[in-house]
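Enquirer: structure for the following, please:
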Amino acid sequence: MTIPLTRKLYRRSFDDGWLDILVGLGLALIGLAWLADQVVIGALVPAVLTPFWTIGRRALVDPRLASPQFGTAQQAETRRALTGWVIVGAGIGLTELAFLFFVNRGGSGLSGFGDLVVGMPVMLVGLGLFAGLILGARRFVAYAVFAIALGLTGASVGVAQPGLLILLSGGVVLACGIALLVRFLAHHPGAGDGDDV
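Expert: Numbering: from 1, shown residues only. Just a heads-up that it's a prediction; the model follows:
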């Protein structure tokens, strides 16, 4: 069992914005792939971006702020949480694909669902963004609420492309991540970045 101080330190280790940048960039690229009718290519984006987590942390974060070494209990808790995140994400993705397949096959006899279809992908993305809570990144609640609201709004005003809504959602997360990273770099200059004290 982890102690409250460890949990707080763990949550703070994601405050640099790098996670937000990768998630936002991933969503933006997926949205662009949808807009280009290349949904399959969009599905590859998470796998392509995953290695950049470590690369970015080592290049931008670790030189400025030593990464804490968490104990066995926190590491086990993180593994369980991330496994749950992957399972939930896979479930959301499969639900989305099944729903879109059903609608595209002419199963849209469900009254009222025709207009909602365009907003479904970004609303499911919004549900997936809640998983940021697993890491203690509470700002992901705001991202999730924004994505769900964007999906509902897009469906109500008649947006024709789900990819556009995913792109907008990713753009907001990416912009927030860049702002967080700029603030982090300003508060934690690396060697040669600031005046010697």
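
Enquirer: low-confidence regions, this protein specifically.
Expert: Counting by pLDDT under 70, the chain contains low-confidence ranges at 1-13, 65-71, 73-75, 77-117, 133, 135-136, 190-197.

Enquirer: 90 instead, please
Expert: In the predicted model of the chain, residues 1-16, 19, 34, 37-51, 53-54, 56-141, 148, 151-152, 154-163, 187-197 satisfy pLDDT under 90.

Enquirer: which stretches of it form helices?
Expert: Along the chain, counting by DSSP state H, helices occupy 4-12, 18-35, 39-56, 72-104, 120-129, 139-157, 162-187.

Enquirer: buried residues, the last one. List them.
Expert: Okay, so that is helix 162-187. The neighbour-count check on helix 162-187 (16 or more other CB atoms under 10 Å) flags 162-170, 172-174, 176-177, 180-181, 184-185 as buried. C-betas here are computed from N, CA, C, even on glycine.

Enquirer: show me what it is packed against.
Expert: Using 3 or more CB pairs under 8 Å, 6 or more residues apart in numbering; DSSP states H and E, the elements in contact with helix 162-187 are helix 18-35, helix 120-129, helix 139-157.

Enquirer: mind checking those for the one nearest to Gly42?
Expert: Each of the helices and strands packed on helix 162-187 has some distance to Gly42 by CB to CB; the shortest is helix 18-35, at 3.1 Å.

Enquirer: give me the buried positions along the closest one.
Expert: Under the neighbour-count criterion of 16+ other CB under 10 Å, helix 18-35 has 18-34 buried.

Enquirer: try stretch 43-54
Expert: 45-46, 49.

Enquirer: what are the contacting residues of it?
Expert: Contacting residues not belonging to stretch 43-54 are listed as 18-19, 22, 25-26, 29-30, 33 [CB atoms under 8 Å, 6 or more residues apart in numbering].

Enquirer: now stretch 166-185
Expert: For stretch 166-185, contacts defined as CB under 8 Å, 6+ apart pick out 15-32, 34-35, 60-61, 64, 121-122, 125-126, 129, 139, 143, 146-147, 150, 193.

Enquirer: mind doing that once more with 6 Å?
Expert: 16-17, 20-21, 23-25, 27-28, 30-31, 121-122, 143, 147, 150 (CB atoms under 6 Å, 6 or more residues apart in numbering).

Enquirer: and what of stretch 134-153?
Expert: Contact with stretch 134-153 is made by 11, 14, 81, 85, 119, 122-123, 125-126, 129-130, 132, 165, 169, 173, as judged by CB under 6 Å, 6+ apart.

Enquirer: done for today, thanks.
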